[in-house]
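S.K.: Sequence first, then the predicted structure, then my questions.
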Amino acid sequence: MAHTLLVTGGAGFIGSAVVREMLSASAWRVVNVDKLTYSGNPASLADVADNPRYNFIQADIADAAAMRAAFEIFEPDAVMHLAAESHVDRSIDSPAAFLETNVHGTFVLLEEARRYWKTLTASDSPKARDFRFHHISTDEVFGDLSGGESFFTEKTPYAPSSPYSASKAASDHLVRAWQRTYGLPTLVTNCSNNYGPRQFPEKLIPLTILNALAGRELPVYGDGGQIRDWLHVEDHVRALLLVLARGRVGETYAVGGHCEKKNIDVVRAICELLEEMAPQKPTGVSRYADLIRFVRDRPGHDSRYAIDASKIATELGWRPRESFATGLRKTVRWYLDNETWWRAVLDGSYRCERLGTRV
């Protein structure tokens, strides 16, 4: 019988990439649980919607009855937990939703996973030994790097700066506690900034692309000197599947792109690519870079993130395949070629406006 992976948040940016890759690269059945909030997009799964090994459940991970039913009906061999509120600016404006989904939702999911796993162990099912609960987190839980600090590692103390990162830090602690106290076989990964196709346009790279194509200003927080370690989503997905298959229970793996860039340099690189790939500019725009505007920084803005991914490289043989130059070019090309996808997103409640200013 085919194995089954339960993915939470599988209609989101990273989650949909996991679903697509799992269905194309394995014989596993995939069950996608997604509430379909503003950033969940069924169009990102159009290529697999009719796959007989794909099942979709529209449900909130904080709904214990719905989660229990998902476990009982589909009897998964593993859980990959990606469902989360994830945008720092939104967390500044509306932190309650982040606590509800990222903390309470993770708690509910852990409890239902534990209940299910206990039934496997009680019945001496072969599934019990191999069951895994893989929790996907972020490098933002570590705060920021400054002074003589070099990189985040799996041992870096937590020091979250925003409601978003604090809620993710709390969920990480819950997962580790459920492993240590109850023996639930868990795995945790902390990744750096993802980018690539199908990312909701509130994030820096797609927001810059779409604003530029519309001739709108390109807002850059502060002086744009904040540094991020960029990781192409497909490289991240390969890492996640490796950890799920071969990671050691109870361990944490940091996943980074080995690609540090200042935010202003990312925006300028996008402008340069658009000069080449979309030379027909909006009326009144002579150069895309002329649209750059430095705006008031967001509260608590971390200065630098960078990950030491040597553990996952040494133990599992993972390394990123995309350079930032190749990955960014592919990303810009995708948005240029898939206007229908992003037009549908922008027809909703989001209009590329700035968030996170209610302080």
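M.R.: Perfect, I can see it now.
S.K.: Check which helices and strands the lowest-mean-pLDDT helix or strand in the chain sits against.
M.R.: Ranking every helix and strand in the chain by mean pLDDT, DSSP states H and E puts helix 88-93 at the bottom, with a mean of 90. On a contact count with 3 or more C-beta pairs under 8 Å, 6 or more residues apart in numbering; DSSP states H and E, helix 88-93 meets helix 95-98, helix 163-182. Glycine gets a C-beta too; all of them are placed from N, C-alpha and C.
S.K.: how distant is that helix from the center of its chain?
M.R.: When C-alpha coordinates are averaged (C-alpha atoms, centre = their mean, to the nearest Å), helix 88-93 and its chain have centres 16 Å apart.
S.K.: In stretch 338-347, which residues are buried?
M.R.: For stretch 338-347, the neighbour count (16 or more other C-beta atoms under 10 Å) marks 341-342, 345 as buried.
S.K.: For my notes, please list the residues you listed in a markdown table and give secondary structure, pLDDT and distance to residue 271 for each entry.
M.R.: Listed next are the buried residues of stretch 338-347 as a markdown table, based on DSSP: H, G, I helix; E, B strand; the rest coil; pLDDT from 0 to 100; distance: C-beta to C-beta, whole Å:
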| residue | secondary structure | pLDDT | distance to residue 271 |
| --- | --- | --- | --- |
| 341 | helix | 95 | 22 |
| 342 | helix | 95 | 18 |
| 345 | helix | 89 | 22 |
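S.K.: out of these, which one sits closest to residue 223?
M.R.: Among the buried residues of stretch 338-347, residue 342 lies closest to residue 223 (C-beta to C-beta), at 28.6 Å.
S.K.: do you know how far that closest one is from residue 321?
M.R.: 25 Å (C-beta to C-beta, to the nearest Å).
S.K.: next one: residue 284
M.R.: Using C-beta to C-beta, residue 284 is found at 39 Å from residue 321.
S.K.: Neighbour count for these two, which is higher?
M.R.: Taking other C-beta atoms under 10 Å, residue 284 and residue 321 do not tie; residue 321 has more neighbours (11 against 7).
S.K.: Surely the more buried one is in contact with residue 237?
M.R.: No - assessed by C-beta atoms under 8 Å, residue 321 is found out of contact with residue 237, at 11.3 Å.
S.K.: low pLDDT regions in the stretch 51-200 of the chain?
M.R.: By pLDDT under 70, the weakly predicted segments of the stretch 51-200 of the chain are 147-148.
S.K.: can I get the CA coordinates of stretch 303-311 in CSV?
M.R.: Output in CSV follows, covering the C-alpha atoms of stretch 303-311 (Å, rounded to 0.1, in the frame of the first residue of the first chain):
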residue,chain,number,x,y,z
SER,A,303,19.4,43.6,10.5
ARG,A,304,20.8,40.3,9.2
TYR,A,305,20.0,36.6,8.9
ALA,A,306,22.5,34.0,7.7
ILE,A,307,22.4,30.2,8.2
ASP,A,308,25.2,27.7,8.6
ALA,A,309,23.7,24.7,6.8
SER,A,310,26.7,22.5,7.3
LYS,A,311,24.8,20.0,9.4
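S.K.: Give me the buried positions along that stretch.
M.R.: Counting neighbours by 16+ other C-beta under 10 Å, one finds that the buried residues in stretch 303-311 are 304-309, 311.
S.K.: so which of those comes closest to residue 48?
M.R.: The closest of those to residue 48 turns out to be residue 309 (C-beta to C-beta; 28.6 Å).
S.K.: Any figure for the gap between the closest one and residue 201?
M.R.: 27 Å.
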